[in-house]
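> just a sequence and a predicted model for now, questions to come.
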Amino acid sequence: MTLDNRWWSEAYTDEGVAFSLQVTEKLHEEQTPFQHIEVYQSTHWGKLLVIDGCVMLTSRDNFTYHEMMSHPALFTHPNPKRVLIIGGGDCGMLREVLKHPGVEQAVQVDIDEGVTRAAQQFFPELCESNDDPRATLLFDDGVQYVKDAADGSVDVVIVDSTDPVGPAEGLFGEAFMRDVHRILGDDGLLVQQSESPILHRDSILKELHGVMRGAGFTQVVTMQFPVCSYPSGWWSATMAGKSGDITQFRRADAEAKPFRTHYYNAGIHQGALAAPEFCKELFSDQ
């Protein structure tokens with residue numbers, strides 16, 4: 001990461017490419033026991049949240065990520081009532097989950113309270129559901145929380161993690177996935193952010209599909225969507241199911257959703273499940 005002449009840049013040196021935003025000032029900087037957090041004001045993209053030198057979100061484009069990590073799974077599960085979010089300290093995922101009136105309980109477990117404090121101060125629009133009586137915010141180790149959870153106690157698990165390094169590394173391992181499989185009910189679904197199809201197909205995505213299958217999930221699909229401020233601008237979420245065909249979803253309910261979205265709709269959901277030619281062998285379930 002560099003800040004030069006009011007341009008904040010994140011370089012992906014392994015891929016020979018960088019992403020830059022013009023910024024006007026640094027609003028916040030904090031070293032927590034877990035991560036280095038920064039918030040900038042940009043000229044055209046609103047506020048920018050950076051963790052350990054990597055873009056986490058901007059005000060302008062975070063909606064595609066938050067909506068595609070939540071609504072496809074919640075409209076695929078037949079009746080999601082109990083949702084567990086691992087990570088997601090900016091609280092945008094919690095906001096989207098609680099748009100679903102059928103959700104009775106949403107527990108968010110993020111190891112770093114500093115991320116949520118920063119979001120409450122600089123991204124209050126993402127935190128508007130924090131006081132919903134259905135919401136529980138815990139600042140704890142998500143891996144341990146899942147290990148301690150009861151069998152069949154959750155309908156949907158959303159892993160809204162940073163890249164698979166540092167505090168998030170354990171969230172991509174098979175031991176964690178086996179625990180997730182165990183705590184999910186019979187129709188349970190897991191959705192995990194899975195990086196860029198064009199940059200990480202043969203590394204993170206390939207490994208994640210194998211790990212999910214090794215953990216006992218019967219079907220694994222990867223959904224694709226744009227996030228302009230993430231590496232390559234092309235991102236993905238990988239969903240794993242314990243039973244049934246997770247390429248099918250409650251389309252009528254999605255079309256009649258009783259809440260507003262900026263990106264997600266039934267057509268977007270269907271299209272996101274289509275595998276590009278260079279991914280068809282990897283995404284064999286789609």
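Sure thing, it's come through.

> how close does the closest residue to residue 249 other than its chain neighbours sit to residue 187?
Leaving aside its chain neighbours, residue 249 sits nearest to residue 76 (4.4 Å; criterion: CB to CB, 6 or more residues apart in numbering). Glycine gets a C-beta too; all of them are placed from N, C-alpha and C. Counting by CB to CB, to the nearest Å, the gap from residue 76 to residue 187 is 9 Å.

> which residues in the stretch 1-150 of the chain form helices?
Taking DSSP state H, counting those that start in this stretch as the test, the helices found in the stretch 1-150 of the chain are 62-76, 92-97, 113-122, 142-148.

> name the stretch among those helices that sits most buried.
Most buried of those by mean neighbour count (mean count of other CB atoms under 10 Å) is helix 92-97; its value is a mean of 26.

> contacting residues around it?
Helix 92-97 is contacted by residues 57, 62, 65-67, 69-71, 74, 83, 85, 88, 103, 106, 108, 119, 123, 126-130, 135, 137, 158, 160 when judged by CB atoms under 8 Å, 6 or more residues apart in numbering.

> swap the cut-off to 7 Å and go again
Contact partners of helix 92-97, identified using CB atoms under 7 Å, 6 or more residues apart in numbering, comprise 62, 66-67, 69-71, 74, 83, 85, 88, 103, 106, 108, 126, 128-130, 135, 158, 160.

> thinking again about what came up before, for the residue nearest to residue 249, what are its contacts?
189, 246, 249 are the contacts of residue 76 under CB under 7 Å, 6+ apart.

> quick check: pLDDT value at the last one.
Per-residue pLDDT puts residue 249 at 98.

> then the first one?
The predicted structure scores residue 189 at 98 on the pLDDT scale.

> so where's the stretch 151-286 of the chain uncertain?
162-170 (pLDDT under 70).

> closest to residue 281 among the contacts of residue 76?
Nearest to residue 281 among the contacts of residue 76 is residue 246, at 19.0 Å by CB to CB.

> I'd assumed residue 221 was in contact with that closest one.
Yes - with contact defined as CB atoms under 7 Å, residue 246 reaches residue 221; the gap is 5.9 Å.

> so what sits against both of the two?
By CB under 7 Å, 6+ apart, the residues touching both residue 246 and residue 221 are residue 239.

> next, residue 178: secondary structure please.
Here residue 178 is recorded as helix under DSSP: H, G, I helix; E, B strand; the rest coil.

> what's around it, how many residues?
Residue 178: 16 surrounding residues under other CB atoms under 10 Å.
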